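Asker: Next come a sequence and a model predicted from it.
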Amino acid sequence: MIEAFRERLKRLNPQFIRFDELQTLQVNLGDLCNMRCEHCHVGASPAGCKVMGPAVMDQIVDVLAHRAGLTLDLTGGCPEMNPHFRRLLEATAGLCSRRIVRSNLTILTESGFEWLPAFFREQRIVVTASLPCYLEDNVDRQRGKGTHARSIAALRALNAVGYGDDLELNLVYNPGGDFLPGSQHALETAYRRELADRYDIRFNHLYTITNAPIGRFRDDLEAKGIYHRYLNLLATRFNPDAARSIMCRTLISVDWEGVLYNCDFNQALGMPITGGEGKILTIADLEKAALSGKELLLAEHCYCCTAGEGSSCTGALVA
């Protein structure tokens, strides 16, 4: 039997199960997406109907205006497809130390979204883009036929406006199955060489992210009868050094309705942060949710963040 993640972390250091200091506000703009990837933990698709509206966005802008120095991290679904996406970025200009958009890349090749690269440059956005491999077959197998070619076209469009040079462009690798990422350093070296040689593409950093055993990925694992084997792999590869830096100690996630979570995985699982008497906390309660020492909501899926080199929204934790 696998030891409860919370108890394992507490035994290592009781402080590791508690919130430290808010550094990143990660905002999930909804589950609307132009793709339907098999590993997606939020179940995003073109049929997504959970879309953040301007009222919640206004609350987020107000929070950022009164809390200097935070990183704003926009995700989805496909965040660019939210009809108020541009408005939110324009409203947060100058309010954050860093603003990140997590892009699936293919959206940049869709009709009506050609303006995105120039807009990202104008707003000085950090683009963190999904590219699970530099090989066409591997990408198309995981994300759909034609995805690799469209991703390369999008990367070229970003390079053309300065990304990978004076503007930050990061790529994200995630495994194509029930295994852990390899060395982030080695993969970055391979990506840099192959993308340059094959397509003359430049980027700044590669982040490796372990697949969380939730959402469509869990459905696939269970269909193959290997869910518990994968969970055991994550637990067996538990790395105490990675456990020191788990992202939920410095990040709070906001869903499309403004409800707060310790991370995007907890959000997908419906595990919100609560206050006194079990009250679900929203963006209006951010100060309560971000109290130093507040206990984190942890479960077995959290093992994905501490396995091997560790995993977070900014890649490996001990690379």
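Answerer: Thanks, I have the structure now.
Asker: Counting residues, which helix of this protein comes out longest?
Answerer: helix 184-199 (DSSP state H).
Asker: Give the helix, strand or coil label for the residue of the chain most remote from its centre.
Answerer: Using C-alpha atoms, centre = their mean, the residue of the chain lying farthest from its centre is Glu277. It sits 30.3 Å away. Here Glu277 is recorded as helix under DSSP: H, G, I helix; E, B strand; the rest coil.
Asker: Contacts made by the lowest-mean-pLDDT helix or strand in the chain with the rest, please.
Answerer: Ranking every helix and strand in the chain by mean pLDDT, DSSP states H and E puts helix 136-143 at the bottom, with a mean of 91. Residues outside helix 136-143 that contact it (C-beta atoms under 8 Å, 6 or more residues apart in numbering) are 35, 37-39, 104, 130-133, 146-149, 151, 176. (Glycine included, C-beta is placed from N, CA and C.)
Asker: Please check those and keep the buried ones.
Answerer: By the neighbour-count criterion of 16 or more other C-beta atoms under 10 Å, these include these buried positions: 35, 37, 39, 104, 130-133, 147-148, 151, 176.
Asker: In the chain, what residue spans correspond to strands?
Answerer: 24-28, 71-75, 98-103, 126-130, 169-173, 205-208, 251-254, 260-261 (DSSP state E).
Asker: so where's this protein uncertain?
Answerer: Within the chain, no range satisfies pLDDT under 70.
Asker: Tell me where it has helices.
Answerer: 5-12, 54-66, 85-92, 116-123, 136-143, 147-160, 184-199, 215-223, 227-236, 240-243, 264-269, 286-289.
Asker: so which of the ones you listed is the most packed in?
Answerer: helix 264-269 (a mean of 22; mean count of other C-beta atoms under 10 Å).
Asker: same for that one, what does it pack against?
Answerer: For helix 264-269, the packing partners by 3 or more C-beta pairs under 8 Å, 6 or more residues apart in numbering; DSSP states H and E come out as strand 24-28, strand 251-254.
Asker: Can I get these in a markdown table including mean neighbour count and distance to Leu195?
Answerer: Shown next, in a markdown table, are the helices and strands packed on helix 264-269 (neighbours: other C-beta atoms under 10 Å; distance: least, C-beta to C-beta, whole Å):
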| stretch | mean neighbour count | distance to Leu195 |
| --- | --- | --- |
| strand 24-28 | 24 | 27 |
| strand 251-254 | 25 | 29 |
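Asker: who wins for proximity to Gly308 among those?
Answerer: For the helices and strands packed on helix 264-269, the distance to Gly308 is smallest for strand 251-254, at 20.2 Å, taking C-beta to C-beta.
Asker: Only C-alpha atoms, please: export the closest one in PDB.
Answerer: Written as PDB, here are the backbone C-alpha positions of strand 251-254 (Å, rounded to 0.1, in the frame of the first residue of the first chain):
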ATOM      1  CA  LEU A 251       1.100  29.300  -5.800                       C
ATOM      2  CA  ILE A 252      -2.600  29.700  -5.700                       C
ATOM      3  CA  SER A 253      -4.900  28.700  -8.600                       C
ATOM      4  CA  VAL A 254      -8.100  30.500  -9.500                       C
END
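Asker: Which residues does it contact?
Answerer: Against strand 251-254 from outside (C-beta under 8 Å, 6+ apart): 22-28, 56, 60, 73, 260-264, 266-267, 273, 283, 286, 289-290, 313.
Asker: Note down every partner strand of that strand and its orientation.
Answerer: strand 24-28 (parallel), strand 260-261 (antiparallel) (DSSP bridges).
Asker: buried ones in stretch 168-186?
Answerer: For stretch 168-186, burial by neighbour count (16+ other C-beta under 10 Å) applies to 168-176, 178, 180-181, 184.
Asker: related to what we said a few turns ago, and the contacts of helix 136-143, which is closest to Asp220?
Answerer: Set against Asp220, the nearest of those by C-beta to C-beta is Glu38 (6.3 Å).
Asker: Nearest residue to the closest one in space, please, no chain neighbours.
Answerer: Arg216 (5.7 Å; C-beta to C-beta, 6 or more residues apart in numbering).
Asker: do the same with Gly69
Answerer: Leaving aside its sequence neighbours, Gly69 sits nearest to Ser97 (C-beta to C-beta, 6+ apart; 5.0 Å).
Asker: shouldn't the one you found be in contact with Leu64?
Answerer: No: between Ser97 and Leu64 there is no contact under C-beta atoms under 8 Å: 10.3 Å.
Asker: if we can go back for a sec, take the helices of the chain and write them to CSV, including distance to Leu298.
Answerer: Below are the helices of the chain laid out as CSV (distance: least, C-beta to C-beta, whole Å):
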stretch, distance to Leu298
helix 5-12, 4
helix 54-66, 25
helix 85-92, 30
helix 116-123, 35
helix 136-143, 28
helix 147-160, 33
helix 184-199, 24
helix 215-223, 17
helix 227-236, 13
helix 240-243, 11
helix 264-269, 9
helix 286-289, 15
